[in-house]
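**Q** okay, sequence plus prediction incoming.
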Amino acid sequence: MTANGYLQLAFYVVVLIALAMPLGTYMANVYEGRSLAARLGAPFERLIYRLCGIDPAQEMRWTQYALAVLWFSLFGLLAAYTLQRLQAFLPFNPQNLGAVSPDSSFNTAVSFVTNTNWQGYGGETTMSYLSQMLALTVQNFVSAAAGMAALVALIRGFLRQGASTIGNFWVDMTRTTLYILLPLSLVLALVLVSQGVVQTFSTYHTVPLVESVEFDNPKLDKAGQPLKDEKGNPVTEKAIQKEQVIAIGPAASQVAIKQLGTNGGGFFNVNSSHPLENPTPLSNFVELLSILLISAALCYTFGRMVGDTRQGWAVLAAMTIVFVGLLAVCAGSEQAGNPVLDRLGADQAASPMQPGGNMEGKETRFGIANSALWAAATTAASNGSVNSMHDSYTPLGGLVPMWLMQLGEVIYGGVGSGLYGMLVFALVAVFVAGLMIGRTPEYLGKKIESYEIKMAAIAILIPPLMVLAGTAVAAMLEAGRAGVANPGAHAFSEILYAFSSAGNNNGSAFAGLSANTPFYNSALGAAMWFARFWVMIPVLAIAGSLAAKKKVPAGLGTLPTHTPLFIFFLIGVVLIVGALTFVPALALGPVVEHFLLHGGK
């Protein structure tokens, strides 16, 4: 890695942390009803409540709050599914794209409702403008708002004493959307348009090529899978390309919220590596920053709302330490390049004439530093966008984004969901610490007892169950193996990555897996749904339990949860759980592949 590369990585982290306090303060004021934006928007907010028949003063028990989230998400799923199935008959479809298949519609609807944004389709060849805007972009807003609302409910659980309610879901979601997500998205969309991100309702443009291109086009079977001959080699046919269709559309508005809401669904098939979705180094930096911005700032919001900003800084510090360490591994592995090419005499050293390292699958305008940074940031958050192809990374370089997801996406994580996931780990950490010293564990003045730990165990164990069980089933069944385009350990890595992405509501992929099939659309859809709500519901149960408890004063046996000791203890709990759960699976995939690569195989 060059000095310039290190400087870019350091600059990103510094700017991210610097913005956490002002944005975190603003969001705390929004949720506490003290922001200027909330006062100015109060008439419009009241109009929304009146039209929807909502009483904003009526608070909910945790069970009512959870049911509201589930019913709202189910309605969103049905709406997104219906729009895709009927898009051929609906307006804003200048390319006359047909209806999306039932299994793909189901997968996509679940994906966007759960804030996963896994995509088994090519956006510009599958989705009409109306589907992109009304089915997908709307869910980008409300699925992110639902995660942030659940976090605020958990924070209220720490704040309240002897209470039976944790707030009103409809109010929390409305304020999140109106005063946080919409304003930030509007500003970001304008910045992106200024950089060349397309925003239009025009039809696609067809332009002649300067030179005709002859290439081998793979043949596909009826299921859309590549045909192979008796030796297992792809079957191709010669084709000549004389013109190119340039896909355009209302992309900037979707890109803004997909990044800010840690959604990640790309308007175009190649996502943020597309020159009309991410055209310049400045757009790349701004999009990168927006991926982690709200998640990092919510840590400070948490500290402000519980009355001790040191608690927020401690959680943010734990996240940042893990993120920086794994980012260094990813960037270092990619900069080191491919050892097989070294043996062939290829020059992989960085120089003024070349970036060096492993540039396969990466955009030259971003290079290794910004590609590795994006891979780490997008998988630290539950954001599935990519500006390079993770499938082309070195084995250890690809292991980092995979493991960041497998840690539960709590290293920043999704907006709201990342922090409430990390707070679940914090409860486990204080519980373990309490057992070690023989004291009743406490966190923020609330005793952590068996009920909270049972709920925390469910929240921590459900995503790994979805990942490992799904991977095992896909590896055993012919329908699962049929989607694999690469042999050996890398094939297993592709399947493991897909279920790690779905089981932790991320959405990125090792692109070598052909996942737009009935099997993968159904299996990954189920993993996304259960991983989202079987984590969120236990968190809301914890919020209800904590709200009913009284606060206890800190004593000599109370473990301070804002010190460096607790920060590293929390990191240890997160890493140990991740290591114990996924190291055997990782050993069968990227670890084996790493040794094979260095063995020249």
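**A** Received it, and whenever you're ready, just let me know what you need. Bear in mind that the values here come from a model prediction, so they are computed numbers and not experimental data.
**Q** go ahead and confirm Trp529 touches Thr116.
**A** No - the criterion here is Cβ atoms under 8 Å, and Trp529 misses it with Thr116 at 9.2 Å. In short, each C-beta sits where N, CA and C put it, glycine included.
**Q** neighbour-wise, which of the two wins?
**A** Thr116 (34 against 21; other Cβ atoms under 10 Å).
**Q** coming back round to it: and for Trp529 and Thr116, which residues touch both?
**A** Val110 (Cβ atoms under 8 Å, 6 or more residues apart in numbering).
**Q** first-to-last residue distance for stretch 357-368?
**A** 8 Å (Cα to Cα, to the nearest Å).
**Q** now do the buried residues in that stretch.
**A** 357-359, 362-363, 366-368 (16 or more other Cβ atoms under 10 Å).
**Q** and those residues, which is closest to Ala251?
**A** Distance to Ala251 across the buried residues of stretch 357-368 (Cβ to Cβ) is lowest for Glu363, with 17.0 Å.
**Q** OK, contacts around the closest one?
**A** With Cβ under 8 Å, 6+ apart, Glu363 has these contacts: 273, 371, 387-388.
**Q** now do 10 Å
**A** Going by Cβ atoms under 10 Å, 6 or more residues apart in numbering, Glu363 touches 270, 272-275, 278, 284, 370-371, 387-389.
**Q** so Asn263 touches Ser382, yeah?
**A** Yes - assessed by Cβ atoms under 10 Å, Asn263 is found in contact with Ser382 at 8.2 Å.
**Q** looking at those two, which has the bigger crowd around it?
**A** Shown here are Asn263 and Ser382; by other Cβ under 10 Å, Ser382 has more neighbours (38 against 33).
**Q** ok, that one to Gly470 distance?
**A** 17 Å (Cβ to Cβ, to the nearest Å).
**Q** give me the buried stretch members for the helix or strand containing Gly525, please.
**A** Using DSSP states H and E, Gly525 sits within helix 518-548. If you call a residue buried by 16+ other Cβ under 10 Å, then helix 518-548 has these buried ones: 519-521, 523-548.
**Q** so Asp55 makes contact with Arg46?
**A** No - Asp55 is beyond contact range of Arg46, at 11.2 Å (criterion: Cβ under 10 Å).
**Q** the helix or strand harbouring Pro208 pairs with which strands, parallel or anti?
**A** Assessed by DSSP H and E, Pro208 sits inside strand 205-218. Strand pairing for strand 205-218, using DSSP bridges, gives strand 236-246 (antiparallel).
**Q** helix or strand right after the strand it pairs with?
**A** Taking DSSP H and E, what comes next after strand 236-246 is helix 251-260.
**Q** buried residues, that next one. List them.
**A** Judged by neighbour count using 16+ other Cβ under 10 Å, the buried positions of helix 251-260 are 251-260.
**Q** same list, the residues you listed, but as TSV with pLDDT and distance to Thr394 please.
**A** Shown next, in TSV, are the buried residues of helix 251-260 (pLDDT from 0 to 100; distance: Cβ to Cβ, whole Å):
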residue	pLDDT	distance to Thr394
Ala251	94	31
Ala252	95	33
Ser253	94	36
Gln254	94	31
Val255	95	28
Ala256	96	32
Ile257	96	32
Lys258	94	27
Gln259	95	26
Leu260	95	30
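**Q** which one of these sits closest to Tyr12?
**A** Gln259 (14.0 Å).
**Q** pLDDT at the nearest residue to Leu327 once chain neighbours are set aside, what is it?
**A** Nearest residue to Leu327, sequence neighbours excluded (Cβ to Cβ, 6 or more residues apart in numbering): Ala376, at 4.3 Å. On pLDDT, Ala376 comes in at 95.
**Q** tell me how far Ala376 lies from Pro281.
**A** Relative to Pro281, and taking Cβ to Cβ, Ala376 is found at 18 Å.
**Q** repeat for Cys330
**A** In terms of Cβ to Cβ, Cys330 sits 19 Å off from Pro281.
**Q** looking at these two, which has the bigger crowd around it?
**A** Cys330 (27 against 14).
**Q** the residue nearest to the spatial centre of the chain: which element?
**A** Centroid-nearest residue in the chain, with Cα atoms, centre = their mean: Ser382, separated by 1.6 Å. Using DSSP H and E, Ser382 sits in no helix or strand.
**Q** same check on Tyr497?
**A** Per DSSP H and E: Tyr497 is located in helix 488-503.
**Q** just the angle for that helix relative to helix 518-548, thanks.
**A** Calculated by axes from the mean of the first three to the mean of the last three Cα atoms, to 10 degrees, helix 488-503 forms an angle of 50 degrees with helix 518-548.
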